[in-house]
Every structure is written in C-alpha cells, then in structure tokens.
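**Student:** sequence and predicted model, in that order:
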Amino acid sequence: MTNINKPERENSTKEENAFDGITFEVVEEEHTHEGQKVKRRGIYLWPNLITTAALLSGFYSIIASMNGDYTQAVYAIFIAALLDGLDGRVARAIGAQSPFGEQFDSLSDLLAFGVAPAILMYSWSLHDLGRIGLAACFVYTACAAFRLARFNVQIGVVDKRYFIGVASPLAAVMIISLVLVAKDFPEVFDLREHGIQIVNAVVIAAVGLLMISNMKYYSFKTVERKRVPFAVLPIAVFILAAVTYNIPVGILVISIIYAFSGFVTTFLARKNTAT
C-alpha cells in the first residue's frame, strides 16, 4: 500500500510546494492535442500584457471621471475597447489562449466596461439625482457583471455568430458616445434640466438590461473568414464617410441601430425556428 500511494503523495507534495511561500506563480491545467491533461506553469506574456493595458485604461477613466475630466475618461474607455478586441486576436494568432487569460480578460472588462462607464455617467450627469442616479448606475454595473459571468459559463456552448445580449464593450461605447454627443451639443443636452438627467438614468439602466437580455446580436466574428458581395464595400465606405462628418453622432447612431438590431435578429431566428 505504501509503494502504490507513493507517486500520488509525491505529486501532491509538488502541487503544494508550487503554492508554498510568497512566490508569484500560476499553475494551469490544459488539454494537449492528444486529449491528455497537463499542468503548466506561467502565463502567456503578450495577450495578458494587452489585457493589463486595457485594465489600466479603465482605471484611468475612473480617476479622470472623479476629477471631472470627462473627455479623457471617454477616450480611456474607447482605448480599452480597442485593446479588448486586440488581446483575443493576439492570443489566437500565436496560440496563447489559456483559462487564466479568459478570466483575467473578464475581470478587466468588468472594470473598463462595467464600472468605468457607470462612474463616468454618475459623475457627469446623474449625481444630482441622488439615490436614483446611484441606483441606475449600479444596475448597469451589476448587469455587466452578470453578463460577463454568463459569457464565461457559456463559452463553447452558444453560437459564435451571435452575442447573447449586448457585449459589454459595445454597451460602454453606447454610453461614452452619448456623453460625447451631449458635450458637443450642450444646448440640446442641458444637464441642469431634471428631465435630461432622468433620460440619462433610463438610458444607462436600459443599456445594462440589454447586456443580460437573451436577444441575439450579430458578433461579426465570422465575417473575416468568408467572402461577401462586392457591394458591401461601397456601402461600408459611405457609412464611414457619414460617420467622419461627426464622429460622436455617427458612433451613437450606429450604436442605437445595433441595439435595435437585436430585436430584429431574435424575431427572425424565432420565426425560422417556428417554420
């Protein structure tokens, strides 16, 4: 009995020693191409470094919002969104996907796209509403956390062509584009008016609820892998030209269209299933 259990005890001792003391280390269990489970130490540098930069952008946005520098806060969230789209592509390109990277990315997303936009909106417009403004912003943050948790447990289960609910970076873009448009047109969005504050509270809560809805939103993940009609390119050029006329308004309009596209996509999917 002693000889049979000796290898198991040795492996257990090695695993305990891996976490002994104050050494900073990560041990992950991965599957090889042969289907075997192996434990590896360390992390992949480049994708996690990009994720850390996105985390830093979200953190900076919070600080900027607290200091009243709302334009810098908006730009920081936008940079975080760009970095969030980059880290996954880098990880897939160099074969550096890992469970640690997935979890770290979700935590970074929660700060950059769940907490930072809520603090931005509260500091910029909703603080005068008191508890109502606080509640609306918390709804958004909580929904972002729910959405990311649901996404993690549904990896490999749902259709990759669609997001179930609005993705958190896109939800954050909706909020920051609204802030930019309001800053460009202060005569329309007078933040001293109680009605405008109520509208902003409803908007941020509604965007939060869209994140945890079961509506299907096209993810565009399969577009780069297949051909499309040539007519799509001129249409894209005209859309980009219209956006550049007034970038904040263009981004906000596209965000609103995308938000409503989920209703259409879900309706068509249910109609096809019924038939």
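**Tutor:** Structure's in. What do you need?

**Student:** which stretches of the stretch 101-250 of the chain form strands?
**Tutor:** 162-164, 216-218 (DSSP state E, counting those that start in this stretch).

**Student:** TSV for these, including distance to L252?
**Tutor:** Quick note: C-beta positions are derived from backbone N, CA and C, even for glycine. Shown next, in TSV, are these (distance: least, C-beta to C-beta, whole Å):
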stretch	distance to L252
strand 162-164	20
strand 216-218	17
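
**Student:** so for G195, which of those strands sits nearest?
**Tutor:** For the strands of the stretch 101-250 of the chain, distance to G195 was read as C-beta to C-beta. The smallest value, 29.8 Å, belongs to strand 216-218.

**Student:** can you give the strand pairings for that closest one, parallel or anti for each?
**Tutor:** For strand 216-218, the paired strands and their directions (DSSP bridges) are strand 162-164 (antiparallel).

**Student:** the partner strand: how far from the chain's middle?
**Tutor:** Centre-to-centre, strand 162-164 and its host chain are 13 Å apart (C-alpha atoms, centre = their mean, to the nearest Å).

**Student:** which residues touch it?
**Tutor:** R150, F151, Q154, V158, N214, M215, K216, Y217, Y218, S219, T265 (C-beta atoms under 8 Å, 6 or more residues apart in numbering).

**Student:** out of the residues you listed, which one sits closest to P99?
**Tutor:** Nearest to P99 among the contacts of strand 162-164: F151, at 14.1 Å, using C-beta to C-beta.

**Student:** from P169, how far out is the nearest residue to the closest one once chain neighbours are set aside?
**Tutor:** Of all residues not flanking F151 in the chain, S106 sits nearest, at 7.3 Å (C-beta to C-beta, 6 or more residues apart in numbering). Remark: distance between S106 and P169 (C-beta to C-beta, to the nearest Å) = 12 Å.

**Student:** contacts only, for the closest residue to Q103 other than its chain neighbours.
**Tutor:** Of all residues not flanking Q103 in the chain, N152 sits nearest, at 7.4 Å (C-beta to C-beta, 6+ apart). N152 is in contact with E102, Q103, S106, counting by C-beta under 8 Å, 6+ apart.

**Student:** now do the contacts for S108.
**Tutor:** If you count contacts by C-beta under 8 Å, 6+ apart, S108 has them with T51, T52, A54, L55, G58, A80, D84.
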